[in-house]
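*Asks:* show me the folded form of this:
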Amino acid sequence: MSSSAPLNPAQHEAVRHLATPCLVLAGAGSGKTRVITHKIARLLQHGLAPREIAAITFTNKAAAEMRERARALVGARAARELAISTFHALGLRILRTDGERIGLKPSFSVLDADDVQGVLRDAGGSTDNRLARHWQWKISLWKNQGLDADAAERAARDDDERQAARMMRRCAERLAAYQAVDFDDLIGLPLALLQRDAEACARWRAAFGHVLVDEYQDTNAVQYELLKALVGERGPNGQFTAVGDDDQSIYGWRGATIENLERLPQDYPQLRIIALEQNYRSTGHILRAANAVIAGNPKLFDKKLWSELGEGEPVRVLECDGEEHEAERAVAHIQALRGSAGAKFCDIAVLYRANHQSRAFEHKLRAAQIPYKVSGGQSWFDRAEIKDLCAWLRLLVNQDDDPAFLRAATTPRRGIGHRTLATLGEFAAKWKVSLFEAVFAPTLPAVLEGKALDTLAQFGREVNELEYRARHACGGDEARALLLGWLQAIGYEQHLHDGEDSAKLAQARWANVLDFVDWIARRCGGQLTHEAGSFESAKLSLLDVAQTIAVILSLAERGDQQDVVTLSTLHAAKGLEWPHVVLAGVNEGLLPFRAADEEMSAERLQEERRLMYVGITRAQRTLTVSTLRRRKRGRETVAGVPSRFIAEMKLDEIVAKADPRERLRRLRDELAARSAANKAAAAAD
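*Replies:* Residues are numbered from 1 along each chain as shown. Next comes the predicted model:
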């Protein structure tokens, strides 16, 4: 939808409504971001200062897009001052401003998932990463429900959950001692602050004249309570706009609850509900299939998508013999789209329910020399072993980096335990210094002594020595020799083997480390850098490369702009769109997903149906749905049963109503697709 196009009546109503709280039910492709940015402009016209408008999203990418689109409407200066951020960034801002009221120093650390996992392993006296991840997942769910360790222990249903609740308490004690928080705390702690401190709450409410929340259906219980704390219960004048779609609520597994949509009219009786039903993305055939599927769910609010983009191509259903055949037919379809429709590779996406489904598609795309990317795949820098090395490199560059200090000091284990770090953290907080600076404080022996003090001092000397050597290690050979010698000295390879149950997995992680060392060495060596596309003739020191890690990461992630086919899970595809979509593996057990012998609750089935709806509505011009006659389940091959969602699309009814010429064209396209698939299969043989 063009930014210069006039607002439709429903959009116009949503933008202009300021008198009471407002819920905008924004169907897929209905222009919700446009409504939010135009409402920001309306609020500025109404007299609010830019800093008094808070717009909350769920990802940094969405926040950046919203700010850019607001900039086009209200100008660069006003856009810079708008409080556009994620929930977590807003929580961080609140804690940086007022965290001292609940015992946090202004420079408290935010630990990432791997750091917290290490704290949990230490708290449980375990080296089992899988167990620590299990505790971490359970604790995150409890925090997203607003439960502390005591409440979690009371709610625990078995010994496994009771143990996780105990780990939650121990982890909280350690984080408090380290002056650190985890990602979930960035929502829970600001909420606790605003609920306990009336003065701080009044100040933050006064700071925002209007709060807008995007993707409201994805909020969890704590995020909803934080919204209520920020806007208060101002009766008919509660100033907020929530924008969401109950039909696209697909994150229940991570704590999001559709009940938040149900609670809004109850908590705010003056709530104005406005539905955006005109879709600017998809054709009529695609939207009718989507509407038919989602009709199987109970409705919180009535809403039905429609479009003025014409009927378009009918939705195709392909029956495939198995995963390999499905991938072959997808490749043939992609090649046909390139030829007949003039599509670019980046116009095409293959979507599926589970990550493992990408393998067959990757194999066939490579064989056909079709470029692709796997959306949502793990970044190189997100691997735990790479994060370990980067923590040391970060600490060499910035010795005030407390999260890097905590990771480097405890990985591998060197006898610096949680009690030592807790004492060091309290000392650093008292004197308002970094953890690294505290190690060398002349008064530290007053609170630490013996082996603990000696071990910290030894670690500090190692960091300083490594920093000195990194500064003088120039060129690839010197950098590689330094890094390999250092890794041997700290016993990192043995650390990987000690932390994994599988020797094969530990060796794979060590191979990643060696690849990373080679990559850094090449950066130091002054040869062609593919990321930047330029030749660096001067040799760099290891410290120089450490200082540019963030830039290197940014450059390494530039694959998003390439002309490639996208392979993506349905969850990762939400919020995106493509002219042509293949929705793969639409079988019972895959979509809806159900493990063997698992009972599926009505709530789970409804969320899976919403996931199917999200997949359908990613398509703009064509949608192809493939189902398997046989599919793999573990090491077995079982009969494939088409998903109930295919029948729910009511495609036969839609085609029966179509023009006879359109039905004939559909038949011809089917025959052409089968011919192309047979040729591809013959070529592969």
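*Asks:* contacts, neighbours, all on C-alpha from now
*Replies:* OK.
*Asks:* contacts for stretch 142-149 next, please.
*Replies:* Residues outside stretch 142-149 that contact it (C-alpha atoms under 8 Å, 6 or more residues apart in numbering): 152, 165-166, 168-169, 184-185, 188, 220-223, 255.
*Asks:* quick one: distance of it to the chain centre.
*Replies:* Distance, stretch centre to chain centre, for stretch 142-149: 20 Å (C-alpha atoms, centre = their mean, to the nearest Å).
*Asks:* may I have it as CSV, with CA atoms only?
*Replies:* Only the C-alpha atoms of stretch 142-149 are listed here, as CSV (Å, rounded to 0.1, in the frame of the first residue of the first chain):
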residue,chain,number,x,y,z
TRP,A,142,7.1,-18.5,34.9
LYS,A,143,8.6,-15.0,34.6
ASN,A,144,6.4,-14.2,31.6
GLN,A,145,3.4,-15.3,33.7
GLY,A,146,4.4,-12.9,36.5
LEU,A,147,5.6,-15.6,38.9
ASP,A,148,8.6,-15.3,41.3
ALA,A,149,10.5,-18.3,42.7
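*Asks:* what lies in contact with stretch 627-637?
*Replies:* 317-323, 326, 584-587, 638-643.
*Asks:* run the last query once more with 7 Å
*Replies:* Taking C-alpha atoms under 7 Å, 6 or more residues apart in numbering as the criterion, the residues outside stretch 627-637 that touch it are 318-323, 584-587, 638-642.
*Asks:* now restrict those to buried residues only.
*Replies:* 318-320, 322-323, 584-587, 640-642 (16 or more other C-alpha atoms under 10 Å).
*Asks:* can I see the domain layout of the chain?
*Replies:* 9-95+188-279, 109-178, 306-378+562-684, 381-556 (automatic domain parsing).
*Asks:* of all those, which one is nearest residue 295?
*Replies:* domain 306-378+562-684 (8.6 Å; C-alpha to C-alpha).
*Asks:* ok, the contacts of stretch 142-149 vs residue 411, which is closest?
*Replies:* residue 168 (21.4 Å).
*Asks:* so which helix or strand takes in that closest one?
*Replies:* Residue 168 belongs to helix 159-178 when assigned by DSSP states H and E.
*Asks:* determine the longest strand present in this protein.
*Replies:* If you go by DSSP state E, the chain has its longest strand at strand 619-628.
*Asks:* parallel or antiparallel, which strands does it pair with?
*Replies:* strand 316-320 (parallel), strand 578-583 (parallel) (DSSP bridges).
*Asks:* for the stretch 351-500 of the chain, just list every one of the helices.
*Replies:* Using DSSP state H, counting those that start in this stretch, the helices of the stretch 351-500 of the chain run over 358-367, 384-397, 402-410, 418-431, 435-439, 450-472, 476-489, 492-499.
*Asks:* ok, and for the fifth one, which residues are buried?
*Replies:* This means helix 435-439. Under the neighbour-count criterion of 16+ other C-alpha under 10 Å, helix 435-439 has 435-436, 438-439 buried.
*Asks:* distance to residue 98 and pLDDT added to these, as a markdown table?
*Replies:* Formatted as a markdown table, those follow (distance: C-alpha to C-alpha, whole Å; pLDDT from 0 to 100):
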| residue | distance to residue 98 | pLDDT |
| --- | --- | --- |
| 435 | 21 | 93 |
| 436 | 25 | 93 |
| 438 | 24 | 92 |
| 439 | 27 | 92 |
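*Asks:* could you look up the SS state of residue 349?
*Replies:* strand (DSSP: H, G, I helix; E, B strand; the rest coil).
*Asks:* ok, so of the contacts of stretch 142-149, who is nearest residue 12?
*Replies:* In terms of C-alpha to C-alpha, no member of those lies closer to residue 12 than residue 223, at 27.8 Å.
*Asks:* how about stretch 399-419: buried residues?
*Replies:* 399-412, 416, 418.
*Asks:* that stretch: how far from the chain's middle?
*Replies:* Distance, centroid of stretch 399-419 to centroid of chain: 27 Å (C-alpha atoms, centre = their mean).
*Asks:* most tightly packed of the strands paired with strand 619-628?
*Replies:* Highest mean neighbour count of those: strand 578-583, a mean of 23 (counted as mean count of other C-alpha atoms under 10 Å).
*Asks:* quick check: phi and psi at residue 569.
*Replies:* phi -70, psi 160 (degrees, to the nearest 10).
*Asks:* what's the answer for residue 632, then?
*Replies:* phi -90, psi 140.
*Asks:* list the beta-bridge partners for it.
*Replies:* residue 637.
*Asks:* ok, and what's touching whichever strand or helix holds residue 195?
*Replies:* Using DSSP H and E, residue 195 maps to helix 185-196. For helix 185-196, contacts defined as C-alpha under 7 Å, 6+ apart pick out 88, 91-92, 94-95, 102, 200-201, 222-223, 226, 229.
*Asks:* from the contacts of stretch 142-149, which is closest to residue 623?
*Replies:* Nearest to residue 623 among the contacts of stretch 142-149, with distances taken as C-alpha to C-alpha, is residue 255, at 30.5 Å.
*Asks:* the closest one contacts residue 141, doesn't it?
*Replies:* Yes: applying C-alpha atoms under 7 Å as the test, residue 255 and residue 141 come out as touching, 5.9 Å apart.
*Asks:* turn the strands paired with strand 619-628 into a markdown table, including mean pLDDT.
*Replies:* Shown next, in a markdown table, are the strands paired with strand 619-628 (pLDDT from 0 to 100):
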| stretch | mean pLDDT |
| --- | --- |
| strand 316-320 | 93 |
| strand 578-583 | 96 |
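*Asks:* in space, what's closest to residue 471 - neighbours in sequence excluded?
*Replies:* Take residue 471 and drop its neighbours on the chain: the residue closest to it by C-alpha to C-alpha, 6 or more residues apart in numbering is residue 543, 5.0 Å away.
*Asks:* tell me the spacing between residue 337 and residue 103.
*Replies:* The gap separating residue 337 from residue 103 is 60 Å, by C-alpha to C-alpha, to the nearest Å.
*Asks:* and residue 243, helix, strand or coil?
*Replies:* Relying on three-state DSSP, one would call residue 243 strand.
*Asks:* could you list the low-pLDDT ranges of the stretch 151-300 of the chain?
*Replies:* For the stretch 151-300 of the chain, the stretches flagged by pLDDT under 70 are 234-238.
*Asks:* now the strands: where do they sit in it?
*Replies:* 180-181, 210-213, 240-244, 272-276, 278-279 (DSSP state E, counting those that start in this stretch).
*Asks:* of those, flag the one that's most buried.
*Replies:* It is strand 240-244: most buried of the strands of the stretch 151-300 of the chain by mean count of other C-alpha under 10 Å, with a mean of 25.
*Asks:* the helix or strand hosting residue 336 versus strand 619-628: what angle between them?
*Replies:* According to DSSP H and E, residue 336 maps onto helix 323-340. Helix 323-340 runs at 150 degrees relative to strand 619-628, counting by axes from the mean of the first three to the mean of the last three C-alpha atoms, to 10 degrees.
*Asks:* list the helices and strands helix 323-340 packs on?
*Replies:* Counting contacts by 3 or more C-alpha pairs under 7 Å, 6 or more residues apart in numbering; DSSP states H and E, helix 323-340 packs against helix 358-367, helix 660-684.
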